[in-house]
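In: Sharing a sequence plus its predicted fold:
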Amino acid sequence: MKILMVCLGNICRSPLAHGILAHLIEENGLNWEVDSAGTGNWHLGECPDGRSIAVAKKYGVDISEQRARQFNKADFDHYDRIFVMDRNNLRDVLAMARSTGDRAKVSLFLVNDIVPDPYYDNNLFDPVYQLIAARCEILMKELAV
Ligand code: 4NP
């Protein structure tokens with residue numbers, strides 16, 4: 001199973017989803033792959049936002065080695081499932097899909113809901129972490145069957 005987490009900048013939300021799922025994959029001895037990417041190109045090559053690094057560290061997950069990259073069409077070929085954080089991400093990723101097969105790989109990370117962008121609100125990082133962590137636990141079980 002190859003999973004890609006996508007947000008706008010690839011520095012706040014998708015690095016958390018990437019790091020938390022990678023941690024769970026490791027803990028459960030699964031032979032899965034997870035990565036993250038952004039639809040935008042402002043932060044290419046940067047490490048995650050310091051506030052995401054800090055909140056992840058607080059809960060025992062190290063995301064400091066991640067580097068931001070931009071989503072590209074080849075990701076449709078490599079990944080089995082592509083999870084997007086909000087509806088703008090969904091629109092932008094679907095706009096790059098080349099086939100119904102590509103489109104079928106793309107879903108909102110939360111079921112019919114969005115992960116709010118914490119970039120402009122320091123107080124959102126902790127609740128966003130909790131939201132993403134809870135979903136990753138469920139997602140791992142859902143994808144394992
Ligand atoms: P992310 O948050 O999409 O969760 O990584 C953002 C990061 C950067 C920007 C917007 C959202 N930005 O405008 O630079």
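Out: Received the coordinates, thanks.
In: This structure: helices as residue ranges?
Out: Secondary structure of the chain, counting by DSSP state H: helices at 13-27, 50-58, 74-78, 87-95, 100-104, 125-144.
In: so which of those helices comes closest to residue 41?
Out: Smallest distance to residue 41 across the helices of the chain (C-beta to C-beta): 11.7 Å, for helix 87-95. Every residue, glycine included, has its C-beta placed from N, CA and C.
In: touching the ligand at all, the closest one?
Out: No. Helix 87-95 lies apart from the ligand when judged by C-beta under 6 Å from any ligand atom; the minimum separation is 7.7 Å.
In: Quick one: residues in contact with that helix.
Out: 6, 7, 8, 39, 71, 82, 84, 103, 106, 108, 114 (C-beta atoms under 8 Å, 6 or more residues apart in numbering).
In: Name whatever forms a beta bridge with residue 82.
Out: Beta-bridge pairing for residue 82 (DSSP bridges): residue 4, residue 106.
In: how many neighbours does it have?
Out: Neighbourhood size, residue 82 [other C-beta atoms under 10 Å]: 27.
In: And it, how far from residue 71?
Out: 8 Å (C-beta to C-beta, to the nearest Å).
In: Which neighbours do those two have in common?
Out: Contacts common to residue 82 and residue 71, judged by C-beta under 8 Å, 6+ apart, are 4, 6, 93.
In: The closest residue to residue 22 other than its chain neighbours bridge partners, please.
Out: The shortest distance from residue 22 to any non-neighbouring residue, by C-beta to C-beta, 6 or more residues apart in numbering, is to residue 34 (5.2 Å). The partner list for residue 34 in beta bridges (DSSP bridges) reads residue 3.
In: Present the shared contacts of residue 82 and residue 71 as JSON lines; the columns should include pLDDT.
Out: Output for those, formatted as JSON lines (pLDDT from 0 to 100):
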{"residue": "4", "pLDDT": "99"}
{"residue": "6", "pLDDT": "99"}
{"residue": "93", "pLDDT": "99"}
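In: any idea which of those has the most stuff around it?
Out: residue 6 (29 neighbours).
In: interface residues of the protein facing the ligand?
Out: So the chain meets the ligand at 7, 8, 9, 10, 11, 12, 13, 38, 42, 117, 119 (C-beta under 6 Å from any ligand atom).
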